[in-house]
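[1] Next one to model:
(chains A, B, C and D)
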2 protein chains.
Amino acid sequence: MTTVLICDDHRIVREGLRSFVQGVPGVERVETAASGEEVLARYPHERPDLVLMDVRMPGLGGLEATRRLVASHPDAKVIMLTAADDREQIAAAVTHGARGYLLKDVSHEELCAAVAHALDGADLVEPSLRRALLQREPSRSAPPAAALTERELQVLTGMSQGKSNGQIGRELYLSEDTVKTHARRLFRKLGVNDRAQAVALGFRRGLVT
Amino acid sequence: MTTVLICDDHRIVREGLRSFVQGVPGVERVETAASGEEVLARYPHERPDLVLMDVRMPGLGGLEATRRLVASHPDAKVIMLTAADDREQIAAAVTHGARGYLLKDVSHEELCAAVAHALDGADLVEPSLRRALLQREPSRSAPPAAALTERELQVLTGMSQGKSNGQIGRELYLSEDTVKTHARRLFRKLGVNDRAQAVALGFRRGLVT
DNA sequence: CACGACGTCACCCGGACGGGCGAACGGCGC
DNA sequence: GCGCCGTTCGCCCGTCCGGGTGACGTCGTG
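    Residues are numbered from 1 along each chain as shown, chains lettered A, B, ... in the order given. Here you go, the predicted structure:
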């Protein structure tokens, strides 16, 4: 029983993907989830053979959801769906444990091929994106793109809503000093040095919405 | 011959929408376009009865495309598709000439109903969004969403790239004090009080990328 | 058990930021 | 000509922010 689990917060995208994936030979069941949290909750029971996950989602983003899923289920196969041909996002997707990534603009054939290959167990990359990746300078050995912790993500979310450290602290029942500690740490991880940069990067990577 | 034209840069979304819309009684032909430019080019020849347009698209955004389309074809019916339940975006959609707006998370039934009503000639709003709009305080009679000037947009862009006021000033050949003046003004216009909020709003409104 | 990662809190300090205010110039429209 | 707007620049001041450092507790892993 070959099952594919689709995760996206937009019903339209879920249905679009479903109609695409249902045509793939070998796929017998297609399930859908509307959030990263839902995937984490359902995966242990349903054990889909492949997860198609959108990067950009409210709450747990696709990246973080994938990281956690792969951490607890190392054999999980995740293909990340990215809206834009953004090297940052793709690199992030791979470092977070995704087996592959697809542009939301893929053709029916490309998606079929990708799903089929992934079900075969092969890691894969979308051809046009592979080219984009290969074009990049091989110099910088890639900062490991450290994953944010739960708290750090909460603080970043607060920042993206324009809240001050004090406000974030009150909402999370923390002291302002603690929020500042989390802020410092997430700045380090993201490689930025102020909240504006952090917010911008958060949006670009789909950590916040 | 009732025709609906779907416009979105992601094939998956286009196909998802197509599968939704094709089920609507009365719709005989469903066309798709991948950009706002394509819609403007094809509309005069194909004269679709309804256009479903995504707000977030590279190049000509959905808002600008709608504005131009309605300017040249005042009888054009456009339903805007928004990803997030964002009052700002919806208000913008309406002021740009859209007859209605839908969340990308609509159910099949909601979309069918919306399309059917729009084809009937009625202006419409998505129920869950209407509620969100009605919940807002009726006190503030809507700040006209003042447009940013060229300079202000440049400063905001710099902010979204994590630059300090001094850096922005050096790049634009301005004094830091001048940058701060533009910053203060764009904060006022956007209704925020620090750069992090401004960056977040910039991303949400698509002012920066 | 010891170690590391995470979370919580605290202190100090310098600098960047944000707000209020004033001022001057050029262009545009009436 | 007058007024409005956008742009440019300056000053003051309070404050929040960001960096450094230290500390303590709790987990889970090795």
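
[2] For the residue of chain A found nearest chain B, give its distance to DNA strand D.
    In chain A, the residue that lies nearest chain B is A:Gly16 (2.4 Å; C-beta to the nearest C-beta). In this view, the C-beta of every residue, glycine as well, is placed from N, C-alpha and C. Distance of A:Gly16 to DNA strand D, computed by C-beta to the nearest atom of the strand, to the nearest Å: 38 Å.

[3] Next, count neighbours for the closest residue to A:Val192 other than its chain neighbours.
    Counting by C-beta to C-beta, 6 or more residues apart in numbering or on different chains, A:Val192 lies nearest to A:Ala198, which is 5.1 Å off, once chain neighbours are set aside. Residue neighbour count, defined by other C-beta atoms under 10 Å in any protein chain shown, stands at 27 for A:Ala198.

[4] List the residues that contact A:Thr178.
    Going by C-beta atoms under 8 Å, 6 or more residues apart in numbering or on different chains, A:Thr178 touches A:Gly169.

[5] So A:Leu5, which state does it fall into?
    Three-state assignment for A:Leu5 (DSSP: H, G, I helix; E, B strand; the rest coil): strand.

[6] which residues touch the residue lying closest to it once chain neighbours are set aside?
    In space, A:Leu5 comes closest to A:Pro48 once its chain neighbours are excluded; the distance is 3.8 Å by C-beta to C-beta, 6+ apart. Counting by C-beta under 8 Å, 6+ apart, A:Pro48 touches A:Thr3, A:Val4, A:Leu5, A:Glu31.

[7] still on that earlier bit, am I right that the residue of chain A closest to chain B is in contact with B:Leu17?
    Yes - the criterion here is C-beta atoms under 8 Å, and A:Gly16 meets it with B:Leu17 at 7.2 Å.

[8] quick one on the thing from earlier: confirm for me that the residue nearest to A:Val192 is in contact with A:Arg184.
    No - assessed by C-beta under 8 Å, A:Ala198 is found out of contact with A:Arg184, at 10.7 Å.

[9] roughly how far apart are the residue nearest to A:Val192 and A:Lys189?
    10 Å (C-beta to C-beta, to the nearest Å).

[10] Next: A:Thr32.
    From A:Thr32 to A:Lys189 the distance is 32 Å (C-beta to C-beta).

[11] One more: A:Val4?
    In terms of C-beta to C-beta, A:Val4 sits 32 Å off from A:Lys189.

[12] Just the pLDDT for A:Ile168.
    Turning to A:Ile168, the model gives it a pLDDT of 90.

[13] ok, and the closest non-adjacent residue to it?
    With sequence-adjacent residues excluded and distances taken as C-beta to C-beta, 6+ apart, A:Ile168 is closest to A:Gly158, at 3.7 Å.

[14] Check whether the one you found really touches A:Leu174, as I assumed.
    No - counting by C-beta under 8 Å, A:Leu174 is not a contact partner of A:Gly158; they are 10.5 Å apart.

[15] related to what we said a few turns ago, in which helix or strand would I find the residue nearest to A:Val192?
    Here A:Ala198 sits within helix A:195-205, counting by DSSP states H and E.

[16] The biggest helix by length in chain A and DNA strand D, are they touching?
    The longest helix of chain A (DSSP state H) is helix A:176-190. Yes - Helix A:176-190 reaches DNA strand D (C-beta under 7 Å from any atom of the strand) through A:Glu176, A:Lys180, A:Thr181, A:Ala183, A:Arg184, A:Phe187.

[17] The least confident helix or strand in chain A by mean pLDDT: what's the following helix or strand?
    Least confident helix or strand, chain A: helix A:127-135 with a mean of 49, by mean pLDDT, DSSP states H and E. With elements assigned by DSSP H and E, the helix or strand that comes after helix A:127-135 is helix A:150-160.

[18] sorry, back to before: can you pick the most crowded of the contacts of A:Pro48?
    Going by other C-beta under 10 Å, A:Val4 tops the contacts of A:Pro48 with 26 neighbours.

[19] Enumerate the beta-bridge partners assigned to that one.
    A:Val30, A:Leu50 (DSSP bridges).

[20] Which pLDDT value belongs to it?
    The model's pLDDT for A:Val4 equals 90.

[21] and it, what is it in contact with?
    Neighbours of A:Val4 in contact, by C-beta under 8 Å, 6+ apart: A:Val21, A:Val24, A:Val27, A:Arg29, A:Val30, A:Glu31, A:Pro48, A:Asp49, A:Leu50, A:Val51, A:Leu52, A:Val115.

[22] of those residues, buried ones?
    A:Val21, A:Val24, A:Val27, A:Val30, A:Glu31, A:Pro48, A:Asp49, A:Leu50, A:Val51, A:Leu52, A:Val115 (16 or more other C-beta atoms under 10 Å in any protein chain shown).
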